[in-house]
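Q: model this:
(chains A and B)
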Amino acid sequence: METMVEFENVGLRYGTEAETLSDINFRLYPGSFVFLTGASGAGKTSLMKLLYLAQRPSRGVIKLFGENVVTMERDRLPRLRRRIGVVFQDFQLVPHLSTFDNIALPLRVAGVAENDLLGPVTEMLAWIGLTERANARPATLSGGEQQRVAIARAVIGRPDILVADEPTGNVDPDMALRLLKLFSALNTLGTTVLVATHDVHLLGQIEGAQLMRLDRGRLSDPTGALRNPPRPLILDESRRLDRNPNNGEPA
Amino acid sequence: MIRARSIHKWFLPEHDRKLLPEGRVNGPMPWVIAIMMFLTTLAAAAGIAITAMALQVEDQLAGRLTVQITAPNEDTRAAEADAAEALMRRSPQLLEIERLSDADAAALVEPWLGSDLSDSDFPIPVLIDARLAEGQSGAVMALRSAIMRVAPSARMESQKNLAAPIARLMRSLAILALSLVALLAAATGAVVMLTARGALGNHRNVIEIIHLLGGTDTQISRLFQRRIVLDALFGGLLGLVLAFITILLLEAQIDQSGLGLVSGMGLPWYGWIVLALLPLAGAGLANVVARLAVRRALRRMH
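A: Okay, the predicted model is just below:
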């Protein structure tokens, strides 16, 4: 089966510093859900950056969708980036754009016509419960609202991989759980999800999720799932659509 | 008041306007470009007018030559002049032969030597003008030798040579004007480069987000190029209009002074077309420079 993500002996070094990441090896298959944990400074964000193609490794091989992205020409990377949804740790919303336009951004970048993006963005706004705030600028939104906008922007293009860096870091436990359910809903639709978090309470919330732990730039796999990755989830068509838009629970 | 940023609303596609905030790219650039284009247009107009005048003078003098018979003895001078004129009229390489009368020749030197020469012994040269037939410039040496054989005191000079210092001065002025155009174009490029860099700095976060969401270098650089080209066009057209008004006022003054009729001074019709194309050339230059600046900055992103 084709792997979505494959890291082989990957190392990352910034300048002449010691390696931030060393000998990273893992594979993710379609439909898998993985938590990435580790103490602050362990290298979680660096690993995520490699995954969403914001950074190239110093050594090793990274394959996304079966293609080696380390040696890939720069001009070919945007095509792959459009298949990856990213929830940045600090949201990275565009300050001069409204909630609607921030969510629509990936579609506009992909060249979707204005008439064609109205429906999906309106639907997404309803899904995250921010229809009333469609015209609000990020500065006027609460932390939780900004986080939901960031997540909506990450998923609007139906990415094959969703990468979320500490997506629950700025919200209360209830909201964190609701956001995680959103990811789970996406996962059941076939998206491979990787969530970086140091919130141990979240780890048991997703049934069948794998765990990767980073410790000073090295990867460990306490569940053993990385050496023997479980078979990808078999999509249950009956679970695909009937989701409560606000919390990801079946309606 | 006209605001340069308002042109973005008219010409930029909605997609573009949604990706980068409006108005913040341009800053003072359109106004600086307006000043640059005003100066460029004036320098180019001067260059074109002087070149046209130089060509006109050279064209009028091209192929014309003058034979001077300078023998001190009046009889010898008259005999040599008759022989030289007869030879010149027989030569198929020469056309429009005209011998100046003694009175006309005296009138020519009168400003320098006074009006009493006709009665004096001062030897006023006999002057014979002629025009070389088309394609006969190579025959000058042979003609000179032939004339000198029948009129040993004859001196033959091309009128073009006589006007050579003036032609050289005009060429120098034209080169100076065109060098100014090149320097102003370089300065305009530098302004655009600085503006593009400033805009990139202001919008770095937005660019990074678009980049990570899958925006291509072409897409991102186009966002800046379109804005900068519109601003450059706006500034360029403004500068052109001001320069046209200035040139027309100058031409009116030249016409009033009568200098234009004497010297052929003035902008030829094709000059106006060249000048009208300058804002387009400026916008093209701005497009290329903006593209280079943005692409170079983007290449630093992974």
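Q: only C-alpha atoms for contact and neighbour calcs from this point on.
A: Noted.
Q: Report the central residue of chain A.
A: By Cα atoms, centre = their mean, chain A has its centre lying nearest to A:Val163, at 1.7 Å.
Q: Okay, and it sits in which element?
A: Using DSSP states H and E, A:Val163 maps to strand A:161-165.
Q: so A:Leu36 touches A:Thr197, yeah?
A: Yes. If you go by Cα atoms under 8 Å, A:Leu36 and A:Thr197 touch, sitting 6.2 Å apart.
Q: Name the residues contacting each of those two.
A: Common neighbours of A:Leu36 and A:Thr197, counting by Cα atoms under 8 Å, 6 or more residues apart in numbering or on different chains, are absent.
Q: who does the very next helix or strand once past the strand holding A:Val163 touch, helix- and strand-wise?
A: Using DSSP H and E, the helix or strand that follows strand A:161-165 in sequence is helix A:173-188. The contact analysis (3 or more Cα pairs under 8 Å, 6 or more residues apart in numbering or on different chains; DSSP states H and E) places helix A:173-188 against helix A:237-240.
Q: How about the contacts made by the residue nearest to the centre of chain A?
A: A:Val163 touches A:Met48, A:Leu51, A:Tyr52, A:Ile84, A:Gly85, A:Val86, A:Val87, A:Val193, A:Leu194, A:Val195, A:Ala196, counting by Cα under 8 Å, 6+ apart.
Q: tell me, which of those residues make contact with chain B?
A: Counting by Cα under 8 Å from any Cα of the partner chain, A:Tyr52, A:Gly85 from those sit close to chain B.
Q: Tell me which two of the contacts of A:Val163 sit farthest apart.
A: With Cα to Cα as the measure, no two of the contacts of A:Val163 lie farther apart than A:Ile84 and A:Ala196, at 15.2 Å.
Q: Just list the residues touching the closest residue to chain B within the stretch 1-150 of chain A, thanks.
A: Per Cα to the nearest Cα, A:Pro78 is where the stretch 1-150 of chain A lies closest to chain B, at 4.2 Å. Taking Cα under 8 Å, 6+ apart, we find A:Pro78 in contact with B:His211, B:Leu212, B:Leu213, B:Gly214, B:Gly215, B:Thr216.
Q: Show me which residues of the helix or strand it falls within are buried.
A: Here A:Pro78 is covered by helix A:77-81, with elements defined by DSSP H and E. Within helix A:77-81, the residues that qualify as buried are A:Leu77, A:Pro78, A:Leu80, A:Arg81, counting by 16 or more other Cα atoms under 10 Å in any protein chain shown.
Q: who touches the residue in the stretch 151-251 of chain A positioned nearest to chain B in this structure?
A: When scored by Cα to the nearest Cα, the stretch 151-251 of chain A has A:Ala154 as its residue closest to chain B, at 8.7 Å. Counting by Cα under 8 Å, 6+ apart, A:Ala154 makes contact with A:Ile84, A:Gly85, A:Val86, A:Val87, A:Pro106, A:Leu162.
Q: which among the contacts of A:Pro78 are in contact with chain A?
A: Restricting those to those near chain A by Cα under 8 Å from any Cα leaves B:His211, B:Leu212, B:Leu213, B:Gly214, B:Gly215, B:Thr216.
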